[in-house]
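Q: Sequence and computational prediction follow.
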Amino acid sequence: MLRLNNIEVVYNKMILAIKGMSLEVPDGKIVALLGSNGAGKSTTLKAISGLLKNEGGQVTDGYIEFEGEKISGVDPDKIVKQGVFQCIEGRRVFKHLTVEENLLAGAYTRKDRKNISDDLERVYHYFPKLKTLRSRASGLLSGGEQQMLAIGRGIMAKPKILLLDEPSLGIAPLLVKEIFQNIKQINQEEGTSILVVEQNANVALSIADFGYIMENGRIVMEGPVDQLLSNEGVRESYLGMN
Ligand code: ATP
């Protein structure tokens, strides 16, 4: 279980981006974190994965724990080793290396090297497209294919929880549906917990168990997906329905 307990995040010692936020991702569940531009969703993910430091951000109050151990303030590499992996498109993807070489690089934290080729096959099972593109330079992939590669690299790291930041961004609608189905399949077959940040609430809620809605650095609503989908306010403001 991942737990954020009343965290506050400040950038550059002056910008208060998150103002007392609590959130949980139970083992094996998919949780969607929704909200508009600038609400603080990406900041939340970076606080969890420890990447906040690179941007001058800091958790100044509250704490984050994973499986009962505090991870706020811990180095990003150690957080990955504890099983928390944030998929970031383009991050540590070497554009001149092939898709397969990049996937193999994603297993760098692993000790069980003999299982790595099985894991490669698992990635290709979820994303057959990556198999056909295995020898292509990663810099030549489309936006959707790069997103698949970013998630594929996450799978290679065998995390307990995957953190995804707007997997739908800049991707054609048909492919968005496909990628979210892939994410659901990974959750079901691997048992990996997922925390997915999205502005596209409809697609995120189509696969999630629980949802949180964030505005202006705070959680304004939360609940099981069925409850959120039947809430008039949520339907009007976030799902484009009435
Ligand atoms: P988006 O979907 O646009 O990324 P978001 O919900 O993910 O939105 P964040 O990117 O987390 O929102 O931003 C939350 C707040 O923190 C915003 O007010 C933003 O301007 C501020 N912020 C984000 N990154 C930084 C940074 N590196 N330095 C200073 N302020 C930042």
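A: Now that the structure is in, tell me what you want to look at.

Q: Quick check: which ranges of the chain have low pLDDT?
A: For the chain, residues meeting the criterion pLDDT under 70 lie at 90-92, 106-111, 113, 241-242.

Q: okay, now the spatially closest residue to residue 39 that is not a sequence neighbour: neighbour count?
A: Leaving aside its sequence neighbours, residue 39 sits nearest to residue 214 (Cβ to Cβ, 6 or more residues apart in numbering; 4.4 Å). The C-beta positions use only the backbone N, C-alpha and C, and glycine is treated the same way. Using other Cβ atoms under 10 Å, residue 214 has 23 neighbouring residues.

Q: With the one 10 residues further on instead?
A: Per other Cβ under 10 Å, the neighbour tally for residue 224 reads 11.

Q: that's a strand at residue 144, yeah?
A: No. Assessed with DSSP: H, G, I helix; E, B strand; the rest coil, residue 144 is helix; it does not lie in a strand.

Q: Which of the three states applies to the spatially most central residue of the chain?
A: With distances taken as Cα atoms, centre = their mean, residue 164 lies nearest the centre of the chain, 1.6 Å away. When classified by three-state DSSP, residue 164 comes out as strand.

Q: now that we're looking at residue 9, which residues does it contact?
A: 16, 17, 18, 40, 43, 44, 47, 52, 57, 58, 59, 60 (Cβ atoms under 8 Å, 6 or more residues apart in numbering).

Q: Write out the residues of the protein neighbouring the ligand.
A: With Cβ under 6 Å from any ligand atom as the criterion, the chain meets the ligand at residues 11-12, 15, 17, 35, 37-43, 55-56, 199.

Q: from memory residue 60 sits against residue 10, does it?
A: Yes. Contact status for residue 60 versus residue 10: in contact at 4.8 Å, counting by Cβ atoms under 8 Å.

Q: higher neighbour count, those two?
A: Under the criterion of other Cβ under 10 Å, the comparison of residue 60 against residue 10 puts residue 10 first, with 18 against 12.

Q: Just list the residues touching the residue nearest to the centre of the chain, thanks.
A: Residue 164 makes contacts with 86, 87, 151, 183, 194, 195, 196, 197, as judged by Cβ under 8 Å, 6+ apart.

Q: Next secondary structure element downstream of the host helix or strand of the first one?
A: Secondary-structure assignment from DSSP states H and E places residue 86 in strand 84-87. Next in sequence after strand 84-87, counting helices and strands by DSSP H and E, comes helix 99-105.

Q: Could you give me the buried positions within that next one?
A: Of the residues in helix 99-105, 99, 100, 102, 103, 104 count as buried by neighbour count, 16 or more other Cβ atoms under 10 Å.

Q: Just name whatever secondary elements that helix is in contact with.
A: For helix 99-105, the packing partners by 3 or more Cβ pairs under 8 Å, 6 or more residues apart in numbering; DSSP states H and E come out as helix 116-126, helix 143-156.

Q: hang on, the earlier thing: what helix or strand does the residue nearest to residue 39 sit in?
A: Judged by DSSP H and E, residue 214 forms part of strand 210-215.

Q: and that strand, how far out from the chain's middle?
A: How far strand 210-215 lies from its chain's middle: 14 Å, per Cα atoms, centre = their mean, to the nearest Å.

Q: List the buried residues of it.
A: 210, 211, 212, 213, 214.

Q: The first one: what's its closest spatial neighbour, skipping adjacent residues?
A: Just to be clear, that refers to residue 210. Excluding the flanking residues, the one nearest residue 210 by Cβ to Cβ, 6+ apart is residue 31, at 4.8 Å.

Q: Against residue 1, how distant is that neighbour?
A: Per Cβ to Cβ, to the nearest Å, residue 31 is found 11 Å from residue 1.

Q: most packed of the helices and strands packed on helix 99-105?
A: Ranked by average neighbour count under the criterion mean count of other Cβ atoms under 10 Å, the helices and strands packed on helix 99-105 are headed by helix 143-156 at a mean of 23.
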